[in-house]
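*Asks:* got a sequence here, can you model it:
(one chain, ligands or ions: 1)
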Amino acid sequence: MLKRPKITVVGSGGNVGAAVVQWCAQKELGDLVLIDLKPNVAQGRALDLAQGGAFAGFNASFTSTDDSSFMQDSDVVVITAGVPRKPGQTREELVGINAGIVKTVCENVKKYAPNCILILVSNPLDAMLTVAQKVTSFPRERVIGMSGVLDSSRFRSNIARALNVHIKDVSAIVLGAHTDKDMVPVVSTATVGGVPLNKLLSAEQIVDVVNRTKRGGAELTELIGTSAWVAPGFGVTAMVESIVLNQGRILPCSVELKGEYGISEGACLCVPVKLTNKGAEKVFEIDLSTEEKAALKAAHTAYLEVRKIALSSV
Ligand SMILES: NC(=O)c1ccc[n+]([C@@H]2O[C@H](COP(=O)([O-])OP(=O)(O)OC[C@H]3O[C@@H](n4cnc5c(N)ncnc54)[C@H](O)[C@@H]3O)[C@@H](O)[C@H]2O)c1
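*Replies:* Numbering: from 1, shown residues only. Purely as a prediction, here's the structure:
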């Protein structure tokens with residue numbers, strides 16, 4: 001008999017986890033397991049969502065618990081467990097506390113779902129990926145970070161707003177580190193309806209769009225008082241969908257680099273990858289401008305600093 005994909009979200013009592021569960025349920029991507037230290041909250045999120053199914057038109061199956069063994073044999077595990085940043089905080093400042101949380105969760109992933117594809121969301125994202133790899137020993141294809149999907153979505157949205165055009169026609173990606181300072185919005189390949197971005201916006205306008213993108217998460221945190229969850233939830237769901245439906249979408253995701261872009265040392269940064277039911281099946285190297293190459297190098301240096309702290313805390 002054909003089996004529905006089993007998708008576990010650890011941290012699903014929280015904002016991002018609940019958003020992931022919501023969009024995955026709406027798309028009927030599989031059977032959903034909600035795990036959180038606060039099982040009542042996860043249960044409440046599941047109940048609330050199940051009660052919306054009648055009008056939203058989905059009939060998803062939920063299990064909510066604080067018992068990690070319920071992730072047994074999951075096809076995909078999403079980790080959103082961890083503290084979010086507060087206004088004025090950087091993602092990097094969360095490293096000490098979230099490294100410990102990610103380590104604990106990954107020990108359970110290794111024990112109960114050793115063949116799953118793991119999607120990391122907790123921040124600081126790229127360093128958390130390294131912690132997850134170290135704990136699980138999964139190959140790079142199966143440890144993937146959600147960063148570039150969200151940052152690229154923000155980049156596309158800012159371009160669409162600056163030009164007053166439909167976001168669907170905007171093609172633009174963000175690579176590098178998932179930090180305000182070291183993400184790399186790639187201007188050289190950005191187009192709108194096939195027209196290069198630099199034919200549509202002035203140099204000053206492009207700088208403005210790039211800076212707004214880099215500060216996208218911080219801007220939202222200042223406005224809401226905690227980090228965003230709607231767009232992150234959409235981003236994770238796009239990745240889960242591409243994996244469980246074997247869509248083969250090429251999306252910017254954080255993965256371990258093995259010499260691509262001249263970066264080795266097991267560094268995890270965001271690059272374009274093909275997402276299939278094997279996980280990050282292929283990593284693509286694209287041509288970058290001189291400035292973008294330098295920015296990617298700086299992202300690597302910044303990542304190494306945070307990784308050092310992350311690994312020393314686990
Ligand atoms: N990668 C990205 O683009 C991106 C975007 C947004 C948020 N984030 C990050 O995602 C994480 C979650 O953000 P949020 O807004 O949902 O936070 P939140 O506080 O709303 O939710 C976090 C949840 O994790 C749970 N939790 C903590 N430790 C756990 C453990 N050991 N096992 C199971 N559950 C545990 C908490 O009980 C809580 O319900 C944060 O680290 C945040 O910085 C990343």
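
*Asks:* which residues are contacting the longest helix belonging to the chain?
*Replies:* Scanning the chain for the helix with the most residues, using DSSP state H, yields helix 290-312. Helix 290-312 has contacts (Cβ atoms under 8 Å, 6 or more residues apart in numbering) with 92, 95-96, 99, 124, 126-128, 130-131, 134, 175-177, 179, 181-184, 186-188, 261-263, 265, 267-269, 288. C-beta: built from backbone N, CA, C; applies to glycine.

*Asks:* out of these, which are inside helices?
*Replies:* 95-96, 99, 126-128, 130-131, 134.

*Asks:* quick check, nearest of the residues you listed to the ligand?
*Replies:* Taking Cβ to the nearest ligand atom as the measure, the ligand lies nearest residue 128 of the ones in helices among the contacts of helix 290-312, at 8.1 Å.

*Asks:* among the contacts of helix 290-312, which are located in strands?
*Replies:* 175-176, 183-184, 268-269 (DSSP state E).

*Asks:* chain neighbours aside, what residue packs nearest to the residue of the chain found nearest the ligand?
*Replies:* Nearest to the ligand, among the residues of the chain, is residue 14, at 1.7 Å (Cβ to the nearest ligand atom). Leaving out its chain neighbours, the residue that sits closest to residue 14 by Cβ to Cβ, 6 or more residues apart in numbering is residue 80, at 6.1 Å.

*Asks:* buried set for the helix or strand in which residue 158 is found?
*Replies:* In the assignment (DSSP states H and E), residue 158 maps to helix 148-163. Under the neighbour-count criterion of 16 or more other Cβ atoms under 10 Å, helix 148-163 has 148-160, 162-163 buried.

*Asks:* hmm, who's touching it?
*Replies:* By Cβ under 8 Å, 6+ apart, the surrounding residues in contact with helix 148-163 are 165-167, 169-175, 178, 183, 185, 190, 192, 197, 200-201, 205, 208-210, 212-213, 216, 231-232, 234-236, 238-239, 251-254, 270-271.

*Asks:* from residue 216, how far out is the most centrally placed residue in the chain?
*Replies:* With distances taken as Cα atoms, centre = their mean, residue 146 lies nearest the centre of the chain, 1.3 Å away. Using Cβ to Cβ, to the nearest Å, residue 146 is found at 14 Å from residue 216.

*Asks:* circling back: just curious, which of the buried residues of helix 148-163 is nearest to residue 73?
*Replies:* Nearest to residue 73 among the buried residues of helix 148-163: residue 149, at 26.1 Å, using Cβ to Cβ.

*Asks:* give me the pLDDT for the residue of the chain closest to the ligand.
*Replies:* The per-residue pLDDT reported for residue 14 equals 96.

*Asks:* can you check the one 3 residues further on too?
*Replies:* The confidence metric pLDDT takes the value 98 at residue 17.

*Asks:* now for whichever strand or helix holds it, which elements pack on it?
*Replies:* Assigned by DSSP H and E, residue 17 belongs to helix 15-26. Under the contact criterion of 3 or more Cβ pairs under 8 Å, 6 or more residues apart in numbering; DSSP states H and E, helix 15-26 touches strand 6-10, strand 31-35, helix 39-56, helix 230-244.

*Asks:* of those, flag the one that's most buried.
*Replies:* strand 6-10 (a mean of 29; mean count of other Cβ atoms under 10 Å).

*Asks:* what about that one, distance to the chain center?
*Replies:* How far strand 6-10 lies from its chain's middle: 15 Å, per Cα atoms, centre = their mean, to the nearest Å.
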